[in-house]
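A.B. asks: Give me a model of this one.
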Amino acid sequence: MRPLCEGLFQLRYGDRRPLAGPGLQRHGISAAAAKDLVDGYASGISRTRQWFADAGWPDPPRGVEGYVPVYVLDPLDVVGVGADASGTIPRQKAGFRDASTILLRSSLDVIDRDRWRERAEVEAAHETAHVFLHGLLSPLAQNADAWKWFDEASATFVERAIFPGHPETLRFARQWIQQPELPISLWGCRETDEGYSSAWFVRHLVNLYGSAVLLDIWGKAPSYRRPWLAIEEALNSRGASLEDVLWTYYAYGDGLLDPAATALWGEKPLTWILTEKGETTEEAPIFPEGCRNYEIALPAGAMAEVSIAATRGILGEIRAEIFPIGTNTGMASRGRLIKDGDSKLKGVVCGGTRLMLVVGRPQPAQPRAFPPLGPTATLVKVAIT
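C.D. replies: Next up is the predicted model:
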């Protein structure tokens, strides 16, 4: 057993093949991996506690033992089928909130042994972050399910904030990069990854308003059924609107928000690239909190008329702007399409440049609205003359 963080955490582990006495079998740590695994877990826990302390967070509740227990074992036997990763489980004693328990894997699914310490640090940071988050909103609370996506997003953000040089912290960036049309918040849908990739939305919030905004949002968690309500209040208190912050998240550009993620997973996809004179029409679905990107490469002297209609859903949910490529920092509007009657958004741009058309739905999804309501289908028409 190794005490950490002035005894706040206790890291408990054993040998797979001890010199004498019973072995822990697959729950034990192999001698070859012991140093990298245990030292990595200890480092991840300690550095995460320091990050939260520096950000002004209170320590999480301790268990009846006087500490937060951390067990290194095979989680499958403790949690059950499907538990093939490290995790955090809540405990309840006499009906009151008790400390969380962290379960860290006794063996990692990383082939390169040289990366075991890195993966161990990242997994420990992620689960330790959950303990701090759950100190403000228990997973046993009535509204906890609605907060799951933000719980995972926050923990994934924290691990990347603490270990920015570890490529392992980019493992959940793929969906953020490759599927921007999907919602940020919906948990448990087949199209989403249950909130992990939404860490880059949390990163955007912290980039704009500092780490205090995360504590502000989580401090409101017991009072709000959904995270978006707490996020909106935190933003309004800072003179910002939720729609504008969501929009800057779309338009910020993945290369600006996290260049390392873009280098690993590539640039965000384009739904359509328009390069020649003539009229092009493209229909594509966009979920709430999602967006699509179109590139318009205008020949010199050409002009493009852009119109957008909602073929399914509400036009008022759609927002569209055009940015010169390379300048879409998301900090200012570069040419917002305006409503033309009740049927479409419309804009005109002149040529000789490459433009990015961003079409999005910067409104929170409604609880349990997916899949019955589904996405809004948008009809994007571009006429280059």
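A.B. asks: Can you point out the helix or strand that includes Val382?
C.D. replies: Element membership of Val382, judged by DSSP states H and E, is strand 376-384.
A.B. asks: Once you drop chain neighbours, what's closest to Ser241?
C.D. replies: Leaving aside its sequence neighbours, Ser241 sits nearest to Leu235 (C-beta to C-beta, 6 or more residues apart in numbering; 6.6 Å). C-betas here are computed from N, CA, C, even on glycine.
A.B. asks: List the contacts of the one you found.
C.D. replies: Tyr209, Ser241, Leu242, Val245 (C-beta atoms under 8 Å, 6 or more residues apart in numbering).
A.B. asks: From Glu152, how far off is it?
C.D. replies: 21 Å (C-beta to C-beta, to the nearest Å).
A.B. asks: before we move on, what about Ala300?
C.D. replies: For Ala300 relative to Glu152 (C-beta to C-beta), the value is 48 Å.
A.B. asks: I'd like the average pLDDT over stretch 112-126.
C.D. replies: Averaging pLDDT along stretch 112-126 yields 90.
A.B. asks: swap in stretch 318-338?
C.D. replies: 62.
A.B. asks: so how far does that stretch reach from one end to the other?
C.D. replies: 11 Å (C-alpha to C-alpha, to the nearest Å).
A.B. asks: cool, and stretch 260-269?
C.D. replies: OK, stretch 260-269 end separation, C-alpha to C-alpha: 17 Å.
A.B. asks: Could you do stretch 344-357 as well?
C.D. replies: First-to-last distance for stretch 344-357 - C-alpha to C-alpha - comes to 15 Å.
A.B. asks: Repeat that for stretch 60-75.
C.D. replies: 22 Å.
A.B. asks: try stretch 205-220
C.D. replies: First-to-last residue span, stretch 205-220, C-alpha to C-alpha: 16 Å.
A.B. asks: Start the count at 53 instead of 1 going forward.
C.D. replies: Okay, using 53 as the starting number, the last item reads as stretch 257-272.
A.B. asks: buried set for that stretch?
C.D. replies: 257-261, 263, 265-270, 272 (16 or more other C-beta atoms under 10 Å).
A.B. asks: which residues of the stretch 53-202 of the chain fall in helices?
C.D. replies: Secondary structure of the stretch 53-202 of the chain (DSSP state H, counting those that start in this stretch): helices located at 86-106, 128-131, 168-188, 200-214.
A.B. asks: among these, which gets the worst mean confidence?
C.D. replies: helix 128-131 (a mean of 66).
A.B. asks: which stretches of the stretch 253-402 of the chain aren't confidently modelled?
C.D. replies: Residue ranges of the stretch 253-402 of the chain with pLDDT under 70: 305-307, 365, 367, 377-386, 391-395, 401-402.
A.B. asks: try 80
C.D. replies: Applying pLDDT under 80 to the stretch 253-402 of the chain flags residues 303-308, 324-334, 349-356, 361-369, 375-402.
A.B. asks: which residues in it form helices?
C.D. replies: 264-271, 279-288, 294-303, 306-309, 311-317.
A.B. asks: and the third one, which residues are buried?
C.D. replies: Right, the one you point to is helix 294-303. In terms of neighbour count (16+ other C-beta under 10 Å), helix 294-303 has its buried residues at Leu294, Glu295, Val297, Leu298, Trp299, Thr300, Tyr301, Tyr302, Ala303.
A.B. asks: Skip the chain neighbours and tell me the closest residue to the third one.
C.D. replies: With C-beta to C-beta, 6+ apart as the criterion, Val297 has its nearest non-adjacent residue at 5.7 Å, and that residue is Leu287.
A.B. asks: Could you report the distance from the one you found to Pro113?
C.D. replies: Applying C-beta to C-beta to Leu287 and Pro113 gives a distance of 29 Å.
A.B. asks: can you check Arg406 too?
C.D. replies: Separation of Arg406 from Pro113 (C-beta to C-beta) stands at 54 Å.
A.B. asks: what sits against Ala273?
C.D. replies: Each residue near Ala273 by C-beta under 8 Å, 6+ apart is listed here: Leu188, Leu189, Asn195, Trp199, Pro279, Ala282.
A.B. asks: with the residues you listed in mind, which one is nearest to Leu60?
C.D. replies: Checking the contacts of Ala273 against Leu60 by C-beta to C-beta gives Leu188 as the nearest, at 16.1 Å.
A.B. asks: Can you give me the neighbour number for the closest one?
C.D. replies: Leu188 is flanked by 17 other residues according to other C-beta atoms under 10 Å.
A.B. asks: looking at it, it is touching Asp268, isn't it?
C.D. replies: No: the criterion here is C-beta atoms under 8 Å, and Leu188 misses it with Asp268 at 10.9 Å.
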